[in-house]
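Colleague: Got a predicted structure here, sequence first:
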Amino acid sequence: MEYKTDILTGVRPTGGLTVANYLGAVNVVKNFQDKGRSTLLFAADLHALTDREPSQIKNNSIEVVADYLALGINPLKTKIFLQSAIMGETASLMALLARHTTVAELLRVPTLKEKLKNSANPENANALLLFYPVLMAADILLQKAKQVPVGEDQLVHLEVTRRLAEKFNKSYGEVFALPQPLKIKSLRILSLKGEGKMSKTNPNGAIFLTDSPKEIEKKIKAAETAFEGKMNEKLESHILIAKGLAGNKDEILEIDNIVKEHLSGKAVMGKFKQEMIKITQNFIAGFQEKRNKIFKDPDYINSVIEEGNKIAKTNAQETLDSAKKALGL
Ligand code: TRP
C-alpha cells in the first residue's frame, strides 16, 4: 500500500508551551524540516476533548499553531492542520476501526490505565478516553503516514494502529498503509524545583514561553544546582536548557567553560545561573516578538491552516472512501 504522508505528528493543544516542549517536541519537527523531510503536523483538538471543554480548545489550537510558527516551523515546508477540520472522516474511520479491537484490549492500554489510576472514580471517566488510541489510529491511517515520531508513552498507540490496520486489511483488502513508529529519545529536562520532569502541571518549576524576564530570573535563581566539583541530573538538565536555547556558539562555549570550572571545584553556580538567565531571556524575548507579529495577522495563521486542512482533507476523503468501498458501504 502506498504512503501519502512522509511524516505525521500530532500535538494535543493543551496550551502553555514550556522550554521543555520546545527542546523536545518542536525541535523534533524542526529537525525533520531541516533535513528536507515533508511533515504534516496537526493540532489534535479532538483528542483534547477527552479532558477539556470545547470552548477552550479552539483558542488553544490556534495558539499552538502560532507557537510552532514562531518557534521556526516553516509552513512552506511543514504543513499544519486542525484535526477537527476533518472531524467527519476521523470519527467515521474511528468507528470502522473500533470493531477490530475489543473492550478488554482497550482497557489494557497502559496510557488509559495511568489516566484511570489518577481519577477518583474510574467508572465515571468519559468513554472517549477508551477510544483515545482508536482515534489516534484514525488520524494516522487517514493520512497514510509512513513514519510517526512519538515519545515512549505513545508507542503502544502505534502498536494499536498497526494491529487495527492489519486486521482490517486482512479481512477486507489492502486499504491501509502500515505506519512505522519513530521513537523519539526524550530529553531529560527536569523541573527547576526537582519535582521530576518539567511540566506545566508544576508551574513554579517550569519555564513557560510566555514568562516575563522577571519570572525567568526568579525561577532560575531559585533552581537547585550541584555542589562544587559534582555533576547531577538537575545541573545536567540546566545545561541542556542553556545550550539548547543559546543564540550562538559563544554562549555555548561560555556555558562549557563555566561547567569546566565548576567540575574543577570552583564556586561558579552563580555565574552559571546568570548566563542561563541571559540566554533564556533572549530566547524567549525573540520568540514573543515573533509570536506577537504572527498574532497581529490572523489572516496569515488562517491561510496556513487552510492550506494544511485542504491537504489533510483530500487524503482523508480518499482513504475513507476506499475503506467504505472495501466494506461495501
Ligand atoms: N496522542 C498524542 C500525544 O498525546 C497526540 C496525537 C494524536 C498524535 N493523534 C496523533 C501523535 C497521531 C501522532 C500521530 O502526544
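Modeller: Everything's here; your move.

Colleague: Helix or strand: which one has N27?
Modeller: Taking DSSP states H and E as the criterion, N27 maps to helix 27-34.

Colleague: Could you pull up the mean pLDDT of that helix?
Modeller: Averaged across helix 27-34, pLDDT comes to 94.

Colleague: Following the chain onward from it, which element is next?
Modeller: Scanning forward in sequence from helix 27-34 by DSSP H and E, the next helix or strand is strand 39-43.

Colleague: For that following strand, which outside residues touch it?
Modeller: 5-13, 29, 32-33, 60-61, 64-65, 68, 73, 77-83, 139, 143, 145, 308, 311-312 (C-beta atoms under 8 Å, 6 or more residues apart in numbering). (C-beta placed from N, C-alpha, C; glycine too.)

Colleague: can I get the CA coordinates of the next helix-or-strand element following it in CSV?
Modeller: Scanning forward in sequence from strand 39-43 by DSSP H and E, the next helix or strand is helix 45-48. Extracted in CSV, the C-alpha atoms of helix 45-48 (Å, rounded to 0.1, in the frame of the first residue of the first chain):
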residue,chain,number,x,y,z
ASP,A,45,-8.2,19.1,19.1
LEU,A,46,-10.5,16.0,19.1
HIS,A,47,-8.1,14.2,21.5
ALA,A,48,-8.2,17.2,23.7
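
Colleague: Does anything pack onto helix 45-48? Which helices or strands?
Modeller: helix 54-70, helix 87-98, helix 132-142 (3 or more C-beta pairs under 8 Å, 6 or more residues apart in numbering; DSSP states H and E).

Colleague: Tell me the helices and strands packed up against the shortest one.
Modeller: Here helix 132-142 is seen to pack against strand 5-11, helix 45-48, helix 87-98, helix 110-117, helix 155-172, helix 298-327 when contacts are counted using 3+ C-beta pairs under 8 Å, 6+ apart.

Colleague: still on that earlier bit, so which of the helices and strands packed on helix 45-48 has the densest surroundings on average?
Modeller: helix 132-142 (a mean of 25; mean count of other C-beta atoms under 10 Å).

Colleague: What lies in contact with it?
Modeller: Contacts to helix 132-142, defined as C-beta under 8 Å, 6+ apart, come from residues 8, 10, 42, 44, 46-47, 50, 83, 86, 89-91, 93-94, 97-98, 101, 106, 109, 111-112, 128, 148, 154, 156-158, 160-161, 164-165, 176-177, 179, 312, 315-316, 319-320.

Colleague: For K325, see how far away the closest residue to the ligand within the stretch 201-329 of the chain is.
Modeller: Closest residue of the stretch 201-329 of the chain to the ligand, C-beta to the nearest ligand atom: A312 (11.7 Å). Distance, A312 to K325, by C-beta to C-beta, to the nearest Å: 20 Å.

Colleague: Please say which of those two ends up with more neighbours.
Modeller: Neighbours per residue (other C-beta atoms under 10 Å) separate A312 from K325, with A312 holding more: 26 against 12.

Colleague: residues contacting the residue of the chain found nearest the ligand?
Modeller: Of all residues in the chain, G10 sits closest to the ligand, at 2.9 Å by C-beta to the nearest ligand atom. Applying C-beta under 8 Å, 6+ apart to G10 gives the contacts 41-44, 47, 83, 136, 139.

Colleague: Repeat the analysis, applying 6 Å as the threshold.
Modeller: The contact partners of G10, taken as C-beta atoms under 6 Å, 6 or more residues apart in numbering, are 42, 44, 139.

Colleague: what pairs with the first one across the strands?
Modeller: Beta bridges link F42 to G10, F81, judged by DSSP bridges.

Colleague: And it, how far from A312?
Modeller: Taking C-beta to C-beta, one finds F42 at 7 Å from A312.

Colleague: got it, and the last one?
Modeller: D139 is 9 Å from A312, where distance means C-beta to C-beta.

Colleague: and if you look at Q180?
Modeller: 20 Å.

Colleague: just checking, F176 is part of a strand?
Modeller: No - counting by DSSP: H, G, I helix; E, B strand; the rest coil, F176 falls outside a strand, being coil.

Colleague: contacting residues for the closest residue to it other than its chain neighbours?
Modeller: Spatial nearest neighbour of F176, chain neighbours left out: A165 (3.9 Å); criterion: C-beta to C-beta, 6 or more residues apart in numbering. For A165, the contact set (C-beta under 6 Å, 6+ apart) comprises 141, 176, 178.

Colleague: circling back to that earlier point, report the buried members of the contacts of strand 39-43.
Modeller: Buried by 16 or more other C-beta atoms under 10 Å: 5, 7-13, 29, 32-33, 60-61, 64-65, 68, 73, 78-83, 139, 143, 145, 308, 311-312, out of the contacts of strand 39-43.
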